[in-house]
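> Sequence and computational prediction follow.
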Amino acid sequence: MTPSDWDGLGEVFVAALAISDSDILAETRRIAADWEDKLEGLVWDDGLGRKEGRIWIPESDNLWKKVMGLYHDSPVTGHLGTSGTLELIGRSYWRRNLAAWVKRYVQGCHTCRRAKHRNQREFGKLQPIPAPDRPWQWIQLDFVGELPKLSGFNTVYVVSDRLTKMAHFIPMTTDISAPDLMKLHIRHIWKLHGIPLVHGTD
Ligand SMILES: [Zn+2]
C-alpha cells in the first residue's frame, strides 16, 4: 500500500469509527476540565481541548483502553498493526507518548499475538498474514489507480478475501467523500459477507 492508498482506507475507518466514539468523548468531557496535568497549548471548546484539530484525551489508562478498544480491537478496524492503529487514532485524538502507548498496547494484544503465533507455526515467517478459518474473515483492501476516467470513474477499490482469493471490484472516483466510501464499503462488502475479523492493509 502506498501512503495515498492508506489515505482512502483511513477515511473508511474513520467514518465508521466516528459513529461510535461518542462514549469516549462524553467521558473526556467529564474528566478533562479537572485533569491536573493538562496538555499545554490546547484550544478549549465545548468541554474538549484541541491541538491542531485533534482532541486531547487525558492520559487515563481506563479512557485510553476504550480508545484502543474502538480503534484497534473493534470489528471495523480488525487489529491493524501499530502503525495503522497509530495513523487512525492520530487523525482524531492526541495524548502524551501516543506512539509508545499504541505500540505497547498492540504488542500486548492477545488476538494479535495469537494471529502471529499461528502464522509462524503454519507458514513460517515469510507470510505476513495468518490463515483465515472462514471466507471473508480476513480481507485485503487496495486501490488500483488513479486510472484514466472511464464512465465517470478513475479508480477501482478492490476488496479480496485471503482464503478464497475472491474479490470485489468497485469502481469509484478518487475524490469520493469519506461517508460515501463508507456507504459503498457497507453495501458491497458488509451486507454480503458480514464484518470481517481482520482488514489487511499491507
Ligand atoms: Zn490486536
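Received the coordinates, thanks.
> Now do the strands in the chain.
Along the chain, counting by DSSP state E, strands occupy 43-45, 48-51, 54-56, 93-94, 138-144, 155-161, 167-172, 198-200.
> mind checking how far residue 155 is from residue 133?
Plainly put, residue 155 is 31 Å away from residue 133 if you go by CB to CB, to the nearest Å. Quick note: C-beta positions are derived from backbone N, CA and C, even for glycine.
> Repeat that for residue 95.
As judged by CB to CB, residue 95 and residue 133 stand 35 Å apart.
> And residue 103, by the same measure?
Distance from residue 103 to residue 133, counting by CB to CB: 28 Å.
> Neighbour count: those two, which is higher?
Shown here are residue 103 and residue 133; by other CB atoms under 10 Å, residue 103 has more neighbours (16 against 10).
> Low-confidence stretches in this protein?
1-20, 75-76, 115-132, 145, 177-179, 197-202 (pLDDT under 70).
> tell me the contacts of the residue lying closest to residue 184 once chain neighbours are set aside?
Leaving aside its chain neighbours, residue 184 sits nearest to residue 170 (6.0 Å; criterion: CB to CB, 6 or more residues apart in numbering). Counting by CB atoms under 8 Å, 6 or more residues apart in numbering, residue 170 touches 156, 157, 158, 159, 184, 188.
> and the gap between the most centrally placed residue in the chain and the ion?
The residue lying closest to the centre of the chain (CA atoms, centre = their mean) is residue 77, at 4.2 Å. From residue 77 across to the ion, the span is 9 Å (CB to the ion, to the nearest Å).
> From what I see, that residue and residue 68 are in contact.
No. Using CB atoms under 8 Å, residue 77 is not in contact with residue 68, being 10.0 Å away.
> Give me the common contacts of the two.
Common neighbours of residue 77 and residue 68 (CB under 8 Å, 6+ apart) are residue 85.
> could I get the contacts of residue 170 as CSV with distance to the ion and neighbour count?
What follows is the contacts of residue 170, written out as CSV (distance: CB to the ion, whole Å; neighbours: other CB atoms under 10 Å):
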residue, distance to the ion, neighbour count
156, 29, 16
157, 25, 25
158, 24, 14
159, 21, 20
184, 26, 16
188, 25, 15
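> Closest one to residue 22 out of those, please.
residue 184 (24.0 Å; CB to CB).
> give the contact list for that closest one.
Residue 184 neighbours (CB under 8 Å, 6+ apart): 157, 170, 172, 176.
> Domains in this protein, by residue range?
As assigned by automatic domain parsing, the chain contains the domains 3-112, 138-200.
> Residue numbers of this protein in contact with the ion?
79, 109, 111, 112 (CB under 5 Å from the ion).
> Among those, which lie within helices?
111, 112 (DSSP state H).
> Grab the two from the residues of the chain next to the ion that are most spread out in space.
79 and 109 (6.8 Å).
> what do these two both touch?
72, 73.
> Ok, which of the strands of the chain comes nearest residue 62?
Smallest distance to residue 62 across the strands of the chain (CB to CB): 14.9 Å, for strand 93-94.
> quick one: strands adjacent to that closest one?
strand 54-56 (parallel) (DSSP bridges).
> Before I go, just wanted to say thanks for your time.
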